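Q: Generate a structure from the sequence data that follows.
(3 chains)
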Amino acid sequence: MTDAIESRLIELGITLPETSAAVANYLPVARTGDLLFVSGQLPMADGRMAWTGRLGEALDIDQGRQAARLCAINMLAQLRAALDGELDRVARVVRLGGFVASAEDFTAQPQVINGASDLMVDVFGEAGRHARAAVGVNVLPLGAAVELEGLFEAP
Amino acid sequence: MTDAIESRLIELGITLPETSAAVANYLPVARTGDLLFVSGQLPMADGRMAWTGRLGEALDIDQGRQAARLCAINMLAQLRAALDGELDRVARVVRLGGFVASAEDFTAQPQVINGASDLMVDVFGEAGRHARAAVGVNVLPLGAAVELEGLFEAP
Amino acid sequence: MTDAIESRLIELGITLPETSAAVANYLPVARTGDLLFVSGQLPMADGRMAWTGRLGEALDIDQGRQAARLCAINMLAQLRAALDGELDRVARVVRLGGFVASAEDFTAQPQVINGASDLMVDVFGEAGRHARAAVGVNVLPLGAAVELEGLFEAP
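A: Sure, this is the predicted structure:
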């Protein structure tokens, strides 16, 4: 058993947050076969929404990218909990779905979601590369700037 | 062969609607391996759209929750038809994707989609818990208040 | 080895574009088992965005349908590249996800996405029929009128 991914997180200076129990009738992560579907993650930190408002209005691209990266970090925390603490069991990141709260004239959703895609490759290397959809929406839960869902393969 | 799920639907007072043949080049349900992908369901009842308009404008949270529940009921009807009438073959609900037609300041999409998540757990018990994404959008087909897509595991 | 799909593309008068290398940390196509997830495709042609603006404002339904068809053609190009040129290996189209940039009162997203669904059935026949979600959004990357993601089964 190696802990390559944990070592990599330390190198990157990333501390995954504690996860809390779900408060509704859905799960943070659901498994079918070797596939792990991760529920939509928001840019929360320390129990509060860290990035609210729409891109092109309240936030610029770089702030959006930080929001997407935070969603990805929260996703890894949920994934680690679902894998009994063993992120090394991740065989690959399969897909990310990124929703960006956007002013009507904001069209740089891909650059925003790169904040999540880049993190996955930073952490998992080549296995972190994934298929992706990035779209704009008018509003997200709790006023979040970004929502990110994910699909991972882990035996 | 048990009919536990049918009995449960009766207990809950839920009658699944008849399904109609698709009128376009897509399917209500597509299978790959043990996975069943269900097309986006709208809050239709008796052949008409039962819930139209945007949350935070035309509809409040409780109405949105009813719309999401109706989408979930229509989803179960499509799933039952795809499983030759045998909902007991469902091993688990894997994922729900919920789109909520939303005014720009409406941020309670999760509470709305709980109407669908709760129904799945009411019907399938623990196997009904699933991964989920809930997002806002500015408009949905036919002016629907909610659209719900689903992924189920059934051997 | 047959080339039935290539012959069919010729019959339909469709020339798939060359694909270019991804410029970010994501992939045009990601495989897990027999499933191929294709990243969100935009209505690009000859290196430029061919269809921009929102349905119900800048574009009408027929133009939207052409945009969706172009997304689907670009999807097949990516899929062919991922399958080493052998589209005949596609066992079925499993799911399409269609996002339509929409004015707030535009509710014909399904008719728009039919442009993609119809193409899949034109090319793959019965195996081209798929589950689908079609939703409206306020804005898409680079001002695109439509974004389409896909899931295919190919051993």
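Q: Quick one: classify A:Ala127 as helix, strand or coil.
A: Of the three states, A:Ala127 takes helix under DSSP: H, G, I helix; E, B strand; the rest coil.
Q: For the residue lying closest to it once chain neighbours are set aside, the count of nearby residues, please.
A: Once flanking residues are discounted, A:Ala127 sits nearest to A:Arg92: 4.5 Å by Cβ to Cβ, 6 or more residues apart in numbering or on different chains. The C-beta positions use only the backbone N, C-alpha and C, and glycine is treated the same way. Neighbour count of A:Arg92, defined by other Cβ atoms under 10 Å in any protein chain shown: 18.
Q: looking at it, A:Arg92 is touching A:Ala131, isn't it?
A: No. In this structure A:Arg92 lies outside contact range of A:Ala131 using Cβ atoms under 8 Å: 10.6 Å.
Q: list residues touching both of these two?
A: Among the neighbours of A:Arg92, those also in contact with A:Ala131 (Cβ atoms under 8 Å, 6 or more residues apart in numbering or on different chains) are C:Ala30.
Q: contacting residues for A:Ala81?
A: A:Ala81 neighbours (Cβ under 8 Å, 6+ apart): A:Thr19, A:Pro28, A:Val29.
Q: number of nearby residues for the second one?
A: Other residues within reach of A:Pro28 by the criterion other Cβ under 10 Å amount to 22.
Q: residues in contact with it?
A: By Cβ under 8 Å, 6+ apart, the contact list for A:Pro28 reads A:Thr19, A:Ala22, A:Val38, A:Ser39, A:Gln78, A:Ala81, A:Ala82, B:Ala131.
Q: Confirm for me that A:Asp122 is in contact with A:Leu12.
A: Yes. A:Asp122 lies in contact with A:Leu12 (Cβ under 8 Å); the separation is 5.8 Å.
Q: Settle it for me: which of the two has more neighbours?
A: With neighbours defined as other Cβ under 10 Å, A:Asp122 and A:Leu12 compare such that A:Asp122 has more, 17 against 12.
Q: got the CA coordinates for the longest helix along chain A in PDB?
A: Looking across chain A with DSSP state H, the single longest helix is helix A:61-82. Listed next in PDB are the C-alpha coordinates belonging to helix A:61-82 (Å, rounded to 0.1, in the frame of the first residue of the first chain):
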ATOM      1  CA  ILE A  61     -11.900  34.700 -14.200                       C
ATOM      2  CA  ASP A  62      -9.100  34.200 -11.800                       C
ATOM      3  CA  GLN A  63     -11.500  34.300  -8.800                       C
ATOM      4  CA  GLY A  64     -13.700  31.800 -10.700                       C
ATOM      5  CA  ARG A  65     -10.700  29.500 -11.200                       C
ATOM      6  CA  GLN A  66     -10.100  29.600  -7.500                       C
ATOM      7  CA  ALA A  67     -13.700  28.700  -6.800                       C
ATOM      8  CA  ALA A  68     -13.500  25.800  -9.200                       C
ATOM      9  CA  ARG A  69     -10.300  24.600  -7.600                       C
ATOM     10  CA  LEU A  70     -12.000  24.700  -4.200                       C
ATOM     11  CA  CYS A  71     -14.900  22.600  -5.500                       C
ATOM     12  CA  ALA A  72     -12.300  20.100  -6.700                       C
ATOM     13  CA  ILE A  73     -10.600  20.000  -3.300                       C
ATOM     14  CA  ASN A  74     -14.000  19.400  -1.700                       C
ATOM     15  CA  MET A  75     -14.600  16.600  -4.300                       C
ATOM     16  CA  LEU A  76     -11.400  14.900  -3.300                       C
ATOM     17  CA  ALA A  77     -12.300  15.100   0.300                       C
ATOM     18  CA  GLN A  78     -15.600  13.300  -0.400                       C
ATOM     19  CA  LEU A  79     -13.900  10.800  -2.600                       C
ATOM     20  CA  ARG A  80     -11.300  10.000   0.000                       C
ATOM     21  CA  ALA A  81     -14.000   9.400   2.600                       C
ATOM     22  CA  ALA A  82     -15.800   7.100   0.200                       C
END
